[in-house]
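1. sequence and predicted structure below; questions after.
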Amino acid sequence: MKKILLSISLLSGLAFTAQNYTIQISEGSESIGAGNNNSFSVIIYEADIDEVEKEWKSTVKDYNTEKTNLTKHTLFGDNAVIKEMGNGTVDIYTNFIEKKEDKTVRMVVAFDLGGAYLSSGQHKEKADIAKKIIKEFAVKMTKEGVSVQVKVAEKALEKLNDKQKDLEKGKKDMEENIVDDKAKIKKAEEDIKKNEENIKKNETDQLEQKKLIEAQKKVTDDVKKKMEAVK
């Protein structure tokens, strides 16, 4: 019973937490690239930093970077071409900060356009595209993290359903056993009653039989006496 209550509590907690995962992009100056530069940051929930770094590196490489380096939770993508922003090249800097107790990864991304870092104030359209790219990535990674919890929850639910089926089958089996046992009891009671009647009949038959035996003894004795009387 305690296991069932605990599982229900865990599932309820998961559903409540998931409702609060709102992915938001923040913009501001951060220590990234060659100094303090404008950047875009996002919190990725239920995340593993190694998985986030691997997937973001793959995403950056898809922009045809000349090279993509990842060292000490810092990624650099050289001369990327983001078609939505135009045909010019852009250097992409990314810092990853993990908060293990919250299972979150803060991702800070800066785009060096060559002489200026991307910002909403100076490059609104391109900044909106960058925000969209980062948010879509963060949403994807958060969903992947939550999907692991969903699988765990579904597995727990499956086990609970299996246990419920076992309980229902057990109840059905016991009910059938009761029906069978009642039938056996009824038959046994009928057999007892019949045997009790047979015992009474047997006792009566024994009395009659004893009378016959006594009568036959007398006949036998008389015949013996008759034989002894022959001289």
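-> Looks like it arrived, so ask away.
2. quick one: low-confidence ranges for the protein?
-> Residue ranges of the chain with pLDDT under 70: 1-19.
3. in it, which residue is closest to the centre?
-> Taking C-alpha atoms, centre = their mean, the centroid of the chain lies closest to Lys155, which sits 2.2 Å from it.
4. for it, phi and psi?
-> Per-residue torsions, Lys155: phi -60, psi -40 (degrees, to the nearest 10).
5. so who does the residue nearest to Leu113 when sequence neighbours are not counted touch?
-> Take Leu113 and drop its neighbours on the chain: the residue closest to it by C-beta to C-beta, 6 or more residues apart in numbering is Val90, 5.6 Å away. No exception for glycine: its C-beta is placed from N, CA and C like everyone else's. By C-beta atoms under 8 Å, 6 or more residues apart in numbering, the residues touching Val90 are Asn79, Ala80, Val81, Ile82, Phe111, Asp112, Leu113, Gly114, Leu118.
6. again with Val81
-> The contact partners of Val81, taken as C-beta under 8 Å, 6+ apart, are Tyr63, Asn64, Asn87, Gly88, Thr89, Val90.
7. at 6 Å instead, please
-> Counting by C-beta atoms under 6 Å, 6 or more residues apart in numbering, Val81 makes contact with Tyr63, Asn64, Thr89.
8. residue boundaries of the strands in the protein?
-> Using DSSP state E, the strands of the chain run over 25-31, 36-45, 67-71, 74-80, 90-99, 104-112.
9. output the contacting helices and strands for the fourth one.
-> Using 3 or more C-beta pairs under 6 Å, 6 or more residues apart in numbering; DSSP states H and E as the contact criterion, the elements in contact with strand 74-80 are strand 67-71, strand 90-99.
10. want to throw those into TSV with distance to Ile49?
-> Below are those laid out as TSV (distance: least, C-beta to C-beta, whole Å):
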stretch	distance to Ile49
strand 67-71	11
strand 90-99	4
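11. so which of the strands of the chain is the most packed in?
-> Highest mean neighbour count of these: strand 104-112, a mean of 23 (counted as mean count of other C-beta atoms under 10 Å).
12. let me know the angle separating that one from strand 90-99.
-> 160 degrees (axes from the mean of the first three to the mean of the last three C-alpha atoms, to 10 degrees).
13. what angle do strand 104-112 and strand 25-31 make?
-> Going by the same axes, to 10 degrees, strand 104-112 is angled at 70 degrees with respect to strand 25-31.
14. elements contacting strand 104-112?
-> If you count contacts as 3+ C-beta pairs under 6 Å, 6+ apart, strand 104-112 packs onto strand 36-45, strand 90-99.
15. want to throw those into TSV with distance to Ser26?
-> TSV is the format used below for these (distance: least, C-beta to C-beta, whole Å):
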stretch	distance to Ser26
strand 36-45	5
strand 90-99	13
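16. any idea which of those strands gets closest to Asp166?
-> Among these, the nearest to Asp166 by C-beta to C-beta is strand 36-45 (36.1 Å).
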